[in-house]
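Peer 1: Return a 3D structure for these sequence lines:
(one chain, ligands or ions: 2)
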Amino acid sequence: MSLILGLESSCDETAAAVVQDGNTVLGSEVASQIARHAPHGGVVPELAAREHLKALLPVTESALKNAGVTMADIDAVAVTQGPGLIPALLVGLNYAKGLAQANHLPLIGVNHFLAHIYGAFLDGGAEMLKNPDTYPLLALVVSGGHTSLLLVDRDGSARQLGCTIDDAAGEALDKGAKLLGLGYPGGPIMQKTAENGDKERFVFPRPLTGGAGKPVAPENRYNFSFSGIKTALLYHVRNAAESDVASPGWLADTVASYQEAVVDVLVRKTLSAVKDFPVRTVVVAGGVACNAELRRQMSERLPRKVTLKLAPPKYCTDNAAMVGGLAYHAFKRGEFSGLSIDSFARLPRIVSVPFVEK
Ligand code: KG4
Ligand code: ZN
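Peer 2: Ligands and ions are numbered 1, 2, ... in the order given. Model (predicted):
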């Protein structure tokens, strides 16, 4: 049995978790900085770094306490290395290095993007990863920073089929909410506001899906673009008559229609990949995977022959359980990071994933 302490500080959540054998989450703590960033309408990297510095120690202590263990029981320290905000990442990484060195433990740097995918397999799902029938696996990672489709084969090789060429899906929801004066972060607020709205009342564009009579260029078949949806919202608001805006239902209908455009593009692109490759499993992960409408439409619109694995909402948004879980696979192989590892801001090219048993 192995116990890994996972740490996460890539954006605006400080998190620590204790995960047993890459599967069972014994304790998971997340300290959100949302209230600190909300007045700025988005995450301020330097502010995030300072907040991580304050929160890392108490968050680690409560994760250990909730798990009923002490540092003496931990076998390795895993930490998000990137992608993310460098000032924020550096705080977590240096803290993890200190913790590993002081406790004579190996350090494992984890890719945050892959950790999001792994979040779908925590708390009992990891068995599925050992089953050859799970592959090819298609992962849609949708968060504030990512919108990507990754295809994973039975031998662990992987390739990114497509990604956003401008804004991420979460960013589109966050910026849309900001534009409508609804607050930050926009995703959950948009979902709530959309609940009573008519999603068919207004039509927002579905970029790169072949709508508006424009065929999709082959290189964009699995790519996403969300900045046009945001611009369409801006004009929708600007051009609306005052009496319309003030009328009951206008805001809810606007938000429901806007959210629908984002969700529809995500589902359509996933369906294109499912059509083109012999996909057996679709994973939806990342903060936007919390979205109830996305979850519902994925369940409804995917062909029955495909197994849908939606990450549990608590492991969709940033957390450290996914970090401690993914790190287990490097730990098992004795693949440790030296103390000289550095943070990275952007997603590197992915050619393989560590969680497939060869
Ligand atoms: O994974 P995450 O916590 O951080 C990143 O790695 O980016 O994702 C945060 C994103 C934000 O854009 C937030 O608005 C979005 O996830 N989000 C949601 C929901 N909950 C969080 N988007 C839509 N519906 C939700 N319920
Ligand atoms: Zn994330």
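Peer 1: what's the residue in the stretch 251-358 of the chain positioned nearest to ligand 1 in contact with, if anything?
Peer 2: Taking Cβ to the nearest ligand atom, ligand 1 has its nearest neighbour within the stretch 251-358 of the chain at residue 287, 2.0 Å off. (C-beta placed from N, C-alpha, C; glycine too.) Listed by Cβ atoms under 8 Å, 6 or more residues apart in numbering, the contact set of residue 287 reads 142-144, 170, 185, 187, 316-318.
Peer 1: any idea how far residue 98 is from it?
Peer 2: Residue 287 sits at a distance of 29 Å from residue 98 (criterion: Cβ to Cβ, to the nearest Å).
Peer 1: can you pull out the helices in the stretch 51-200 of the chain?
Peer 2: 86-102, 112-118, 127-130, 169-179, 186-194 (DSSP state H, counting those that start in this stretch).
Peer 1: Which secondary structure elements does the longest one sit against?
Peer 2: Secondary-structure packing of helix 86-102 (3 or more Cβ pairs under 8 Å, 6 or more residues apart in numbering; DSSP states H and E): strand 3-8, helix 45-67, strand 76-82, strand 107-111.
Peer 1: So what angle separates the directions of the shortest one and strand 76-82?
Peer 2: Same thing as strand 107-111. 30 degrees (axes from the mean of the first three to the mean of the last three Cα atoms, to 10 degrees).
Peer 1: And for the first one?
Peer 2: Strand 3-8 and strand 76-82 are oriented at 20 degrees to each other (the same axes, to 10 degrees).
Peer 1: and strand 3-8, anywhere near ligand 1?
Peer 2: No. On the criterion Cβ under 6 Å from any ligand atom, strand 3-8 is out of touch with ligand 1, staying 9.5 Å away.
Peer 1: do the last one as well
Peer 2: No. No part of strand 107-111 sits close enough to ligand 1 to count as contact by Cβ under 6 Å from any ligand atom; the gap is at least 12.0 Å.
Peer 1: chain center to that strand: distance?
Peer 2: In terms of Cα atoms, centre = their mean, to the nearest Å, the centre of strand 107-111 is found 17 Å from the chain centre.
Peer 1: helices and strands around that strand, which ones?
Peer 2: Applying 3+ Cβ pairs under 8 Å, 6+ apart, we find strand 107-111 packed against strand 76-82, helix 86-102, helix 321-332.
Peer 1: Any chance of TSV for those, columns distance to ligand 2, mean pLDDT and mean neighbour count?
Peer 2: Compiled in TSV, the helices and strands packed on strand 107-111 are given as follows (distance: least, Cβ to the ion, whole Å; pLDDT from 0 to 100; neighbours: other Cβ atoms under 10 Å):
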stretch	distance to ligand 2	mean pLDDT	mean neighbour count
strand 76-82	9	98	27
helix 86-102	11	98	20
helix 321-332	9	98	28
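Peer 1: Including distance to ligand 1, could these go into a markdown table?
Peer 2: As requested, the helices and strands packed on strand 107-111 are arranged in a markdown table below (distance: least, Cβ to the nearest ligand atom, whole Å):
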| stretch | distance to ligand 1 |
| --- | --- |
| strand 76-82 | 10 |
| helix 86-102 | 11 |
| helix 321-332 | 10 |
